[in-house]
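Trainee: Sequence and predicted structure, then a few things I'm wondering about:
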Amino acid sequence: MADAAPRLKSLVEQIVGAPLPVRVRAWDGSEAGPPGAPALVVRNRRALRRLLWKPGELGLARAWVAGDLGIDGDLYTALDLMAGLIWERGEDARTLTQALRDPDVRAAVRGLVKLAGPFPPPPPPREEARRVRGHLHTRRTDKRAISHHYDVGNDFYEIVLGPSMVYSCAYWESPDGTLENAQRDKLELVCRKLDLKPGQRLLDVGCGWGSMAIHAAREHGASVVGVTLSQEQAAYVRKRVADEGLTDRVEIRVQDYRDVADGPYDAISSIGMAEHVGAERYLEYARALNALLKPGGRLLNHQIARRPEQDESSYSVDAFIDAYVFPDGELAPIGTTVTQLERAGFEVRDVESLREHYGLTLRRWVANLEAEWVRAQALTSPGRARVWRLYMAASALAFERNRIGVNQVLAVRTPESGASGMPLRARTWGA
């Protein structure tokens, strides 16, 4: 008799202490759960062994990346329904240790072990980042972490990002607009906030695939230095720069921002890079950028933010993101970021939230990936493609539900005279 799904559903509900909001479809063809809901497809018993060995998000992530788990139905709906069990259980949710004090839960775990089949568990998928002992956010560990995320293959990123090749939140005039126009508008917004003029020097920290550097040089006549830790990115950008005929105005370096020593610059853009810096290094980051600016120079810091914890010491990095997407990445509340920038000597002049804009951007990236799913898997690996699809879809929902945000912070290295160089009505940004 095919009965794995109802048994699995009952056991899991006993363990988590809540009903499963999605259907369960097991390897034996059985199903159980709410009619019409998306189905969590448990393709084999290995998925259960992964979950038993690493209960919670990391076990789920390993099963998903390995292809042991899947979703039949709308991915966004399924993730939204499961968010209450995985991400949003709140302070009243039982920990695993607390749950195991319940005899019924212990019996359910024994039942799950029996259903899972023989141990030991399978090894983690090869896409999982390998941990290096030692301090976080040294030059060596940062370079390794950046390589894990960005050196996936430029052809793969061309599928996801589209022709703009911008890997950060776009700036939408309308949800019906094109991704390319929205990314162009974002780059232009950054340039206007920095008030770039022909001949001025711009440092683009974490330059990605070069779109900001090229836009600033081509549209505003700036002289740009872009720095990245990714060899693949640097090679890609240098070719783009040459194709645009901008080699006299754009220099791309494989260099840590801490090693840039040829200031002063008139302006600095840091777009989607500061999330990699880490809380322990953030003040160092801010001071380094401040020292590279001339008096009156501007910084545009575009950065994802999390909501503050009641007890900040309880903050921990999302297990799936840390293991498969951004190793060693950390998010900070926007208030913390502003405070650190001002401690470093900046005067913060403007903070603009683009939270809804990132949800729109991520949904377009997911659609791009899904439209060329077979080719995307061939360019990297099936597991890596599954990582990107899950993280981008889950992130889109996180922005839409206000679990995380993204902000552009405009700061000035205001001189002692107090002359910031900012217009009295700055929000027009020269438009």
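Mentor: All right, it came through fine.
Trainee: only C-alpha atoms for contact and neighbour calcs from this point on.
Mentor: Will do.
Trainee: which residues of the chain score low on pLDDT?
Mentor: Within the chain, the stretches with pLDDT under 70 are 1, 86-102, 104-105, 131-151, 430-431.
Trainee: go with 90
Mentor: For the chain, the stretches flagged by pLDDT under 90 are 1-4, 6-18, 51-59, 82-122, 127-153, 230-232, 276, 278-280, 309-330, 425-431.
Trainee: hey, which helix is longest across it?
Mentor: helix 382-400 (DSSP state H).
Trainee: name the helices or strands packed onto that helix?
Mentor: Secondary-structure packing of helix 382-400 (3 or more C-alpha pairs under 8 Å, 6 or more residues apart in numbering; DSSP states H and E): helix 57-66, helix 75-86, helix 355-371, helix 373-379.
Trainee: now the angle from the helix or strand following that helix to helix 355-371?
Mentor: Note on helix 382-400: by DSSP states H and E, the next helix or strand toward the C-terminus is strand 404-412. Interaxial angle, strand 404-412 versus helix 355-371 (axes from the mean of the first three to the mean of the last three C-alpha atoms, to 10 degrees): 120 degrees.
Trainee: any residues touching strand 404-412, and which ones?
Mentor: The contact list for strand 404-412 (C-alpha atoms under 8 Å, 6 or more residues apart in numbering) reads 193-194, 296-307, 334, 338, 341, 346-355, 358, 398-399, 420.
Trainee: Try it again at 6 Å.
Mentor: Residues outside strand 404-412 that contact it (C-alpha atoms under 6 Å, 6 or more residues apart in numbering) are 297-306, 346-355, 398-399.
Trainee: check contacts around residue 357.
Mentor: residue 171.
Trainee: same thing but 10 Å
Mentor: Taking C-alpha atoms under 10 Å, 6 or more residues apart in numbering, we find residue 357 in contact with 169-175, 182, 396, 399-400, 405-406.
Trainee: So how do I select the buried members of those residues in ChimeraX?
Mentor: ChimeraX command restricting those to the buried ones, with burial defined by 16 or more other C-alpha atoms under 10 Å:
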select :169,170,171,172,182,396,399,400,405,406
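Trainee: Show me how far the longest helix of the chain is from its chain's centre.
Mentor: Offset of helix 382-400 from its chain centre (C-alpha atoms, centre = their mean, to the nearest Å): 9 Å.
Trainee: tell me the angle it makes with helix 355-371.
Mentor: Interaxial angle of helix 382-400 relative to helix 355-371 (the same axes, to 10 degrees): 160 degrees.
Trainee: Could you pull out the buried residues of helix 382-400?
Mentor: For helix 382-400, the neighbour count (16+ other C-alpha under 10 Å) marks 382-400 as buried.
Trainee: swap in stretch 362-381?
Mentor: Quick answer for stretch 362-381 (16+ other C-alpha under 10 Å): 362-366, 368-370, 373, 375-377, 379, 381.
Trainee: can you tell me which of those residues lies nearest to residue 32?
Mentor: residue 370 (27.6 Å; C-alpha to C-alpha).
Trainee: filter the contacts of strand 404-412 to the buried ones?
Mentor: 297-306, 346-348, 351, 353-355, 398-399.
Trainee: Let's see which of the residues you listed end up in helices.
Mentor: Using DSSP H, the buried ones among the contacts of strand 404-412 in helices are 355, 398-399.
Trainee: Let's have these in TSV, adding distance to residue 12.
Mentor: Formatted as TSV, those follow (distance: C-alpha to C-alpha, whole Å):
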residue	distance to residue 12
355	34
398	25
399	28
